[in-house]
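Participant: Following is a predicted model, sequence given first.
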Amino acid sequence: MPRPNIVLLTVDCLRYDHCGFNGYTRPTTPTLTELARSSLVFDTAVATGPYTPESVPGFLAGLHGYNSAYYSDVDWTAIPNDAETLASHFRDAGWETIATISNPQLTTERNFDTGFDSFRNLRTEDTETEIGNPPGSAGPLRERASSVLRSVRDRTRSMENTALSSALYALYRYQQFRTDWPTTRGEVVVDILLDELDVWDRDQPFFAWTHLMDLHAPLHPVSIREGGLAWSDATARHLLADAGRMTNQHTPAYETMYDSALRYVDAQIARVVDYLQEEGVWDETILVVTADHGEALFERGVYAHQYHNLFDELLHVPFLVRTPDETAGRFDAPFSLAWLHELLADLTDIERGPLPATSGRSSHLDDEDRAIALSDSVSHRGHTVTARTARHKFIRHFGEPLYRDHQLASAVEPFNGEGVTYDLRADPTEHLPLDATESPAKLRELAVNVQVKPSEIPPLAGELDTEAKARLEDLGYVE
């Protein structure tokens, strides 16, 4: 039996509870739902952090916020220079390693390329026109127009007249729609991934990672339209609904847009499966589909994904593994994405690598041994840690009080002090906080043992440039 190929397909902002194979009633994931029938599905998979730079080091390098590094500012998590990664472990074991992604957070300067023979980030490549977006006005004129529009965008955030601010923000997004949308659509990313696989050396297996951004706000109107599940196909309505989200008005239409974009993502996953089947390597390939984190859809009065927001609309992610022998099963035991390296090593019959996060489990394919899954978030505000078993989830924040004068302030206030416990069986939506002591002592002790001060996290040399900051602002990463 040849060593299997591995395709790791991660989707930014993909919620567990919006996938059909997890019981969602809208037809968002027909491809994944069919795959799930002959796959391993982990129903309590959790991300290591609530936003991309805190979650990707988890599944790529077995890292959490407390033992990562940072680049430019403590808010910008990075992989340390000397870290072993999933990619380096498989490269050293004989796999060709390939990454094709498009999130501007995941840069070579922050070591997200560690271990990859080929690494392409389509949003940071030095090209005159971003891959996958139509050309706009040339050179300085385009940059001046973008600068003016960014100024308009920033002013809308503080305007009291929400109708006017929404209209202006929609205008800003329309100009981006015509020129330089903040994300690269999935079909472009998949096209380039498949081109990379076309030149792969068939004498060795490949480990290929791709990361799709189509569920990350702002949602592209064409992807929404092609998904076919939104309440309207009109671009103007999509942009106005997104403006409502951006100004934090409850916008039920946005959830239908999200579902429609997810149906589009599912179609891109189908293209990857079709390619592997057509190339005759499907029966020699492990396919992993998961998310870096979920997305808040106004559950606690907010949209998007924020630092220190450790509720499960962000941490609970889908996790599906299709193996060549199509072993099927569903598992309820908590599974941290930081343990992905263990699972893949076991499935490929190689030694587990020296990545720092370890479960203590001999196998992840049983529900008997229930390890503790850890997630955390570090920023200039301090360090928030959550530790969970199958039933209990303990959260504690170390640092200054979180989110003063913000919609999240009351929701996260129990994290302060001695922390808070949730009984996930009785209260799966985490709206009934219990006293901290109502969780097992080992959860509270673990949180204390791993907590750090932001100043204790090691830096990488370098600074974000103006263009990089502008990209991140458009995706909501810069406050």
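Facilitator: Right, received. Where do you want to start?
Participant: Strands along the stretch 1-150 of the chain, start to end?
Facilitator: Listed in chain order, the strands of the stretch 1-150 of the chain (DSSP state E, counting those that start in this stretch) span 5-11, 40-42, 45-46, 69-71, 77-78, 96-101, 118-121.
Participant: by contact count, what packs against the last one?
Facilitator: Using 3 or more CB pairs under 8 Å, 6 or more residues apart in numbering; DSSP states H and E as the contact criterion, the elements in contact with strand 118-121 are strand 96-101, helix 186-198. Yep, even glycine has a C-beta here, placed from its N, CA and C like the rest.
Participant: Out of these, which is closest to residue 435?
Facilitator: strand 96-101 (42.4 Å; CB to CB).
Participant: Just checking: what are the partner strands of the closest one?
Facilitator: The pairing partners recorded for strand 96-101 under DSSP bridges are strand 118-121 (parallel), strand 206-212 (parallel).
Participant: if we can go back for a sec, and residue 166, which of the strands of the stretch 1-150 of the chain is closest to it?
Facilitator: Per CB to CB, nearest to residue 166 of the strands of the stretch 1-150 of the chain: strand 5-11, 27.6 Å.
Participant: What angle do helix 186-198 and the closest one make with each other?
Facilitator: Following axes from the mean of the first three to the mean of the last three CA atoms, to 10 degrees, one obtains 160 degrees for the angle between strand 5-11 and helix 186-198.
Participant: and strand 5-11, what's its mean pLDDT?
Facilitator: The average pLDDT within strand 5-11 is 98.
Participant: I'd like to know which elements it is packed against.
Facilitator: Under the contact criterion of 3+ CB pairs under 8 Å, 6+ apart, strand 5-11 touches helix 52-61, strand 206-212, helix 252-278, strand 285-291, helix 340-348.
Participant: Of the ones you listed, give the one that comes closest to residue 242.
Facilitator: Among the helices and strands packed on strand 5-11, helix 252-278 sits nearest to residue 242 (CB to CB), with 6.9 Å.
Participant: List the buried residues for the closest one?
Facilitator: By 16 or more other CB atoms under 10 Å, the buried positions in helix 252-278 come out as 253-273, 275-276.
Participant: The most centrally placed residue in the chain and residue 58, how far apart?
Facilitator: Closest to where the C-alpha atoms of the chain average out (CA atoms, centre = their mean) is residue 292, at 2.4 Å. Distance from residue 292 to residue 58, counting by CB to CB, to the nearest Å: 8 Å.
Participant: what's the overlap in contacts for those two?
Facilitator: Taking CB atoms under 8 Å, 6 or more residues apart in numbering as the contact rule, the neighbours common to residue 292 and residue 58 are residue 47.
Participant: Pipe the strands of the stretch 1-150 of the chain into CSV and attach distance to residue 173 and mean neighbour count per row.
Facilitator: Formatted as CSV, the strands of the stretch 1-150 of the chain follow (distance: least, CB to CB, whole Å; neighbours: other CB atoms under 10 Å):
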stretch, distance to residue 173, mean neighbour count
strand 5-11, 22, 23
strand 40-42, 36, 23
strand 45-46, 32, 26
strand 69-71, 28, 21
strand 77-78, 28, 26
strand 96-101, 23, 24
strand 118-121, 23, 18
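Participant: Ok, which of the ones you listed comes nearest residue 371?
Facilitator: From those, taking CB to CB, the stretch that ends up closest is strand 45-46, at 11.6 Å.
Participant: Which residues does that closest one contact?
Facilitator: Contacts with strand 45-46, where a contact means CB under 8 Å, 6+ apart, come from 16, 290, 312, 315-319, 334-337, 373, 375, 388.
Participant: Kindly export stretch 383-396 (C-alpha atoms) in CSV.
Facilitator: Provided in CSV are the C-alpha atoms of stretch 383-396 (Å, rounded to 0.1, in the frame of the first residue of the first chain):
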residue,chain,number,x,y,z
HIS,A,383,-4.6,36.5,28.0
THR,A,384,-7.9,34.5,27.9
VAL,A,385,-7.8,30.7,28.3
THR,A,386,-10.5,28.1,28.0
ALA,A,387,-10.1,24.4,28.9
ARG,A,388,-12.9,21.8,28.3
THR,A,389,-13.9,18.3,28.7
ALA,A,390,-16.9,16.7,27.0
ARG,A,391,-19.2,18.4,29.5
HIS,A,392,-17.5,21.4,31.2
LYS,A,393,-15.9,24.4,29.7
PHE,A,394,-13.9,26.8,31.9
ILE,A,395,-12.9,30.3,30.7
ARG,A,396,-10.7,32.8,32.5
